[in-house]
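In: pasting the sequence and the predicted model now:
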Amino acid sequence: MCITFIVIANVLLDVLRNDYEDLFSVFGRYTFDTFCDIFVGKSCNLQTDLSNRLIEELDALQKYMAENSVVAFMFGFPLDLKALLTNGWSMLSLLNKLRKLSSSMTAFRRKELQEYPVVGSQLSFLDAMISRGDLFHPSIISKELLIFLLAATDTTGNGLTFTFTLLGMHPEIQKKVYEEVITEIGRDTPIETHHLPKLKYTERVISESLRLLPPVPLVARYLNKDIQIGDKTFPKGANVILYTHALHRNSKYWPNPEKFDPDRFLPEEIAKRPPYCYMTFSGGPRNCIGKLYAMMSMKVVVANVIRHFRISSKYRSVDEMELRGLITMRTKGDIDCHFSPRN
Ligand code: HEM
């Protein structure tokens, strides 16, 4: 898996050397390409094929879905009529396009597997589902694939965009990450799986970035029984939103919460906090299944990019970013973060 991240992260270096439109799309394209290789077993090359607008379309879809569901959630209507009339058709046609994409990926892989069977660790996630027809009915395989595609792409892509921006805002922290990467891996040595556990400071930086700017700012639950919290009862049947973004800025758990301080994630500091005050990947039985995959992917990219580029940003505090929290969080417009090649 690590080798796929590396190969695709090397293409990313070329992307960053040239002009690009929007940084969220750049990292979204990287995550989508790794997803296709690892989960589907098919290269998609979105990083180089800029005519393919899938990442931008995913963002538009999210906007439409959020407009509909937020109002539905607030007023209990099944859908917001105004939003539905203005963008309902676009939303449905984008959803349909994604369903078709996921079905065609499944059909493609099913055919390939018949012609060139693969076994064991060579199986992609999709191959594994296809080859276990006893567990996965064909009709649910492409739906599962689509859920993973949606859950994996924006989240990791936005997390990377925020991490680099925070590194650009904090040159002293950037220097420490650079030094760790050069000491533990070197400038040109290909990154391998065994290097990753050594990047302890880099990992703290990523965790802290995901605290301060969580790519998924909230999680939702439907209560199937009454829940008592302190002196409040939340009734059965209610929809509840847990606002991760606010929890991560609560000074009771995170002193000076707006400060970017990776040492909050030193083992001894983690031990001082209740575990559920860090909800980037949610918690409990329905937490994020892709957490380790995401952390591995992000570590590879941060290490590979930082040894080739200096990063800068004009922001002096996270308050200066105009954030837009829908299903995932990003900035309203372009984010200010720049990459200049190291000599
Ligand atoms: C930085 C990157 C990521 C973040 C911040 C993130 C965060 C989350 C959060 C907050 C949830 C909601 C869980 C809940 O409702 O309690 C979730 C669900 C999920 N995530 Fe992630 N995720 C990330 C990357 C990934 C990746 C890379 C994958 C796939 C490889 C993935 C797959 C999933 C799936 C399938 C679910 C649904 C789980 C379920 O409902 O049972 N995520 N993620």
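Out: Great, that's in hand. Residues are numbered from 1 along each chain as shown.

In: do I have it right that K42 meets R110?
Out: No. With contact defined as CB atoms under 8 Å, K42 does not reach R110; the gap is 11.8 Å. (Glycine included, C-beta is placed from N, CA and C.)

In: which bits of the stretch 151-300 of the chain sit near the ligand?
Out: Along the stretch 151-300 of the chain, the residues adjacent to the ligand under the rule CB under 6 Å from any ligand atom are 151-152, 155-156, 159, 215-216, 219, 280-282, 286-290, 293-294.

In: just the buried ones from those residues, in PyMOL syntax?
Out: Selection command for PyMOL covering only the buried members of those, criterion 16 or more other CB atoms under 10 Å:
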select buried, resi 151+152+155+156+159+215+216+219+280+281+282+288+290+293+294
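
In: strands - which of the residues of the stretch 151-300 of the chain next to the ligand land there?
Out: Using DSSP state E, the members of these that fall within strands are V219.

In: let's see which of the residues of the stretch 151-300 of the chain next to the ligand end up in helices.
Out: By the criterion of DSSP state H, membership of those in helices covers A151, A152, T155, T156, G159, Y293, A294.

In: in JSON lines: those, plus pLDDT.
Out: Shown next, in JSON lines, are those (pLDDT from 0 to 100):
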{"residue": "A151", "pLDDT": "92"}
{"residue": "A152", "pLDDT": "93"}
{"residue": "T155", "pLDDT": "96"}
{"residue": "T156", "pLDDT": "97"}
{"residue": "G159", "pLDDT": "98"}
{"residue": "Y293", "pLDDT": "94"}
{"residue": "A294", "pLDDT": "96"}
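
In: now, which of those residues sits nearest N343?
Out: Nearest to N343 among those: G159, at 28.8 Å, using CB to CB.

In: disregarding flanking residues, what is the spatial nearest neighbour of the closest one?
Out: Beyond its immediate neighbours in the sequence, the residue positioned closest to G159 (CB to CB, 6 or more residues apart in numbering) is P215, lying 4.6 Å away.

In: ok, now M321?
Out: When the adjacent residues along the chain are set aside, M321 lies closest to T331, with 5.2 Å between them (CB to CB, 6+ apart).

In: and that neighbour, what are its bridge partners?
Out: Listed by DSSP bridges, the beta-bridge partners for T331 are L323.

In: how much space between it and C337?
Out: T331 sits 10 Å away from C337, going by CB to CB, to the nearest Å.

In: just H308 next, same as before
Out: When distance is defined by CB to CB, H308 is 15 Å away from C337.

In: looking at these two, which has the bigger crowd around it?
Out: Counting neighbours by other CB atoms under 10 Å for H308 and for C337 shows that C337 has the greater number, 21 against 16.

In: is the closest residue to the more buried one other than its chain neighbours in a helix, a strand, or coil?
Out: The shortest distance from C337 to any non-neighbouring residue, by CB to CB, 6+ apart, is to T165 (4.2 Å). Here T165 takes the helix state, with states given by DSSP: H, G, I helix; E, B strand; the rest coil.

In: mind listing what T165 touches?
Out: Residues in contact with T165 (CB atoms under 8 Å, 6 or more residues apart in numbering) are L23, S313, Y315, M321, I335, D336, C337.

In: again, only using 7 Å
Out: S313, I335, C337 (CB atoms under 7 Å, 6 or more residues apart in numbering).

In: just curious, which of those residues is nearest to the ligand?
Out: Distance from the ligand was checked for each of the contacts of T165 by CB to the nearest ligand atom. The minimum falls on I335, at 16.1 Å.

In: my guess is that closest one contacts L23, does it?
Out: Yes. Applying CB atoms under 7 Å as the test, I335 and L23 come out as touching, 5.5 Å apart.

In: sorry, back to before: so which of the contacts of T165 are also by the ligand?
Out: When the contacts of T165 are checked against the ligand using CB under 6 Å from any ligand atom, none falls in range.

In: can you put those in a markdown table and add pLDDT, secondary structure and distance to W254?
Out: Listed next are those as a markdown table, based on pLDDT from 0 to 100; DSSP: H, G, I helix; E, B strand; the rest coil; distance: CB to CB, whole Å:
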| residue | pLDDT | secondary structure | distance to W254 |
| --- | --- | --- | --- |
| S313 | 97 | coil | 22 |
| I335 | 97 | coil | 23 |
| C337 | 97 | coil | 23 |
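
In: in CSV, list those along with distance to L95.
Out: Listed next are the contacts of T165 as CSV, based on distance: CB to CB, whole Å:
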residue, distance to L95
S313, 35
I335, 27
C337, 31
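
In: just checking, L323 touches I335?
Out: No. Counting by CB under 7 Å, L323 stays clear of I335, with 10.0 Å between them.

In: right, I'll call it a day here.
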